[in-house]
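> Predicted model and sequence below, questions to follow.
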Amino acid sequence: MKEQIVRERIAELADALSALPKTGGKSTSMGTYTPNTSATPTRKIEEMLDQIRLQMKYLMFDMEATRRENSYLREMLEHRWNSGGPTDKDNT
């Protein structure tokens, strides 16, 4: 899956979660929301989303490093073959 699609889907999920009604909490005089202990599943979901984001960043970094390594190794092999390096036939 492409990185942009994954980012869009995570953003959609985060928007859907933020649109959920906040129940079980109380508003203070300053208008801020103080969650009740029954609202902790939302907090856990947000923590899980943060963990997923971190894992996705790591996977994207790892995938890019693998791409660079593959292109470097292919370049080495092509150079070896083009310069008349040893082949499997020479080793037998």
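Nice, thanks for sending it over.

> ok, which stretches of this structure are strands?
Assigned by DSSP state E, the strands in the chain fall at 26-27, 33-34.

> tell me the mean pLDDT for the longest helix seen in the chain?
Criterion DSSP state H: the longest helix present in the chain is helix 40-82. Helix 40-82 shows a mean pLDDT of 90.

> helices and strands around it, which ones?
helix 3-18 (3 or more Cβ pairs under 8 Å, 6 or more residues apart in numbering; DSSP states H and E). Quick note: C-beta positions are derived from backbone N, CA and C, even for glycine.

> can you list contacts of the helix it packs on?
With Cβ atoms under 8 Å, 6 or more residues apart in numbering as the test, helix 3-18 has contacts from T42, I45, E46, L49, I52, R53, M56, M60.

> before we move on, back to that, by how many degrees do the longest helix of the chain and helix 3-18 diverge?
180 degrees (axes from the mean of the first three to the mean of the last three Cα atoms, to 10 degrees).

> Please save the CA atoms from stretch 55-71 in PDB.
Only the C-alpha atoms of stretch 55-71 are listed here, as PDB (Å, rounded to 0.1, in the frame of the first residue of the first chain):
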ATOM      1  CA  GLN A  55       5.000   1.600  13.700                       C
ATOM      2  CA  MET A  56       3.900   2.900  10.200                       C
ATOM      3  CA  LYS A  57       6.800   5.400  10.300                       C
ATOM      4  CA  TYR A  58       9.200   2.700  11.200                       C
ATOM      5  CA  LEU A  59       7.900   0.400   8.400                       C
ATOM      6  CA  MET A  60       8.100   3.200   5.900                       C
ATOM      7  CA  PHE A  61      11.700   4.000   7.000                       C
ATOM      8  CA  ASP A  62      12.600   0.300   6.800                       C
ATOM      9  CA  MET A  63      10.900  -0.100   3.400                       C
ATOM     10  CA  GLU A  64      12.800   2.900   2.000                       C
ATOM     11  CA  ALA A  65      16.100   1.600   3.400                       C
ATOM     12  CA  THR A  66      15.400  -1.800   1.800                       C
ATOM     13  CA  ARG A  67      14.700  -0.100  -1.600                       C
ATOM     14  CA  ARG A  68      18.000   1.700  -1.400                       C
ATOM     15  CA  GLU A  69      19.900  -1.400  -0.400                       C
ATOM     16  CA  ASN A  70      18.200  -3.400  -3.300                       C
ATOM     17  CA  SER A  71      19.100  -0.800  -5.900                       C
END
